[in-house]
Each structure stands twice: as structure tokens, then as C-alpha cells.
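>>> Need the 3D shape of this:
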Amino acid sequence: MPEAITSHNTGLEFQMVRYMKYQKVFTVILLAASVILISCNKSKNGEADASEYFSFDTSKLGMEVVDQEMGIKFYPPMKWELRQTQISKKIESRGAAVKPEDNFIYKPTYVFFNDSTNALLSVGKVETKDTSLAKSAQLNFYKGLIAAKYKDNHLTSVTFVHSKVYFSQLKLEKENLTSFKILFENNKQEIIELDYTIPSKYFESSYPFIKSSIGSIRPM
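Got it, this is the predicted structure:
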């Protein structure tokens, strides 16, 4: 009798492990589908017309920032000044069944602020300790989490190439704010995020400066 019970429990455990694997695969597929469904304004080759999303107008840029640890250099928009204000890290949860340490965490290293428009730029890395996801899959998975979280905030997503790097831009409108999340991988396949947020009433006047800032991003 004890042997029969042990055998039954082992079979049950096997079924549960297999179910959890299937559930994880389904989650990955679902999140990837979210990114595809919200994508718009694409050209025939699947990428956006890059000229719509960045520019090279140096007259609209502030002081250059070079960060060896993040492996990038960039310019904030002109008159967006570096501040010591701390922004709390943002955690994008993969679900209750996932260990907390396997969630994605965005922790800004830099914060820039424009006093006249109350616009904000934060720059930092997105990290996860989840070893079950390949490095090459982490960026798409993270984009899927963002897409699911902000699906009701007029979210649009585009991908474009700049300086031989693939950039993803997620634009969302929430209440009276417009945000641009610029995501890409540095040379170490680490996820870098630049998050531009401006009051919607200043969008038209601020967007040329944001485009110039995006155009200044270079991997190192």
C-alpha cells in the first residue's frame, strides 16, 4: 500500500509540473500577441519609418551624458535639467505564481526635469533574475507586460532602427499625461529604458525636443 501511494503522488507531481510549464508557455505567447496587436504605423518590412520617431537637431539638446555602466551615451532635451530627486523603482509583475525576484524591475539612474512644462525624463536599466528566459527573449517579454498593463491607455507601439540598434517605442496617454517608453538592448543584451513623460497640453511643443533626444542615443 505505501508503494502505491508513493507512485500516485509522483504521477500527480509530474502532471502539475507539466501543467505549470504549459501555463508559462501560454503566458509568453499571450504577452507576445499583445505587443503584435497594439503595433501600428508599420512599413512593409515590419518596421516604422524611423524619421517619424527621432531627429538630429542638436539645437534642441542639453548636455551629453556618457554612462559606461549602462553602455550608452545620450543627450536629454534642452532645458531638461538633471535632478537628484529619487524615483522609486518600478516593478512589472509576471503574475502571482512567479517568484517575486523573477519580476522585471526598472530602476532609474538619471532623472531630468523641465521646470516650465513639468516634463520628466528617467533613464535606467530593466533587470530580472529569471533564468528561465533567454536574454534574447527578455525584452519582448517585458514589452508584453507593459502592453498588458497599459492596454486601456491609448497605447501604440512601434519598432525602428537607429545607429544599427533596434528600438521599441511605446506611447501611452493616461489622464492628462503623454509618455514615451524607449526600450532597447545595449551591447551586453541588457535592457535600457528612457521614459519621457509630459503634460499632454505641452505635447506639440515638447515632441521635437524629445525626438532630438531619442536621435542622440548611442550604444557604447
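
>>> which SSE is residue 181 in?
In the assignment (DSSP states H and E), residue 181 maps to strand 177-185.

>>> what is the mean pLDDT for that strand?
Throughout strand 177-185, pLDDT has a mean value of 96.

>>> what's in contact with that strand?
For strand 177-185, contacts defined as CB atoms under 8 Å, 6 or more residues apart in numbering pick out 126, 139, 142-143, 146, 165-173, 191-200, 203, 210, 214, 217, 219. In this view, the C-beta of every residue, glycine as well, is placed from N, C-alpha and C.

>>> which SSE is residue 113 in?
In the assignment (DSSP H and E), residue 113 maps to strand 104-114.

>>> which residues does residue 74 contact?
Residue 74 neighbours (CB under 8 Å, 6+ apart): 64, 65, 123, 194, 213, 216, 217, 218.

>>> from the residues you listed, which two are the most distant?
Spatial extent of the contacts of residue 74 (CB to CB) is set by the pair 64 and 194 at 14.4 Å.

>>> If you tally nearby residues, what's the number for residue 205?
With neighbours defined by other CB atoms under 10 Å, the count for residue 205 comes to 12.

>>> Surely it forms part of a strand?
No - applying DSSP: H, G, I helix; E, B strand; the rest coil, one finds residue 205 to be helix, outside a strand.

>>> and it, what does it touch?
Listed by CB under 8 Å, 6+ apart, the contact set of residue 205 reads residue 117.

>>> So, low pLDDT: which residues of the chain?
Scanning the chain for pLDDT under 70 picks out the ranges 1-50, 85, 94-98, 100-101.

>>> what residue lies at the spatial centre of the protein?
By CA atoms, centre = their mean, the mean C-alpha position of the chain lies nearest to residue 183, the distance being 4.6 Å.

>>> For that residue, give the beta-bridge partners.
On the basis of DSSP bridges, residue 183 takes part in beta bridges with residue 168, residue 193.

>>> Backbone torsions only: list them for the closest residue to residue 190 other than its chain neighbours.
Nearest residue to residue 190 in three dimensions, chain neighbours excluded: residue 125, at 5.9 Å (CB to CB, 6 or more residues apart in numbering). Backbone torsions for residue 125, taken as degrees, to the nearest 10, come to phi -100, psi 150.

>>> burial measure for residue 125, as a count.
18.

>>> and it, bridged to which residues?
residue 107, residue 192.

>>> dump the residue contacts of it.
Residue 125 sits next to 70, 106, 107, 109, 190, 191, 192, 193 when contact means CB under 8 Å, 6+ apart.

>>> ok, now how distant is the second one from residue 193?
This means residue 106. Distance, residue 106 to residue 193, using CB to CB, to the nearest Å: 6 Å.

>>> any residues in contact with both of the two?
Common neighbours of residue 106 and residue 193 (CB under 8 Å, 6+ apart) are 124, 125, 126.

>>> where exactly do the helices run in this protein?
Counting by DSSP state H, the chain has helices at residues 2-38, 135-149, 203-215.

>>> Which residue, neighbours along the chain excluded, lies closest to residue 208?
Nearest non-adjacent residue to residue 208, counting by CB to CB, 6+ apart: residue 60, 6.0 Å away.
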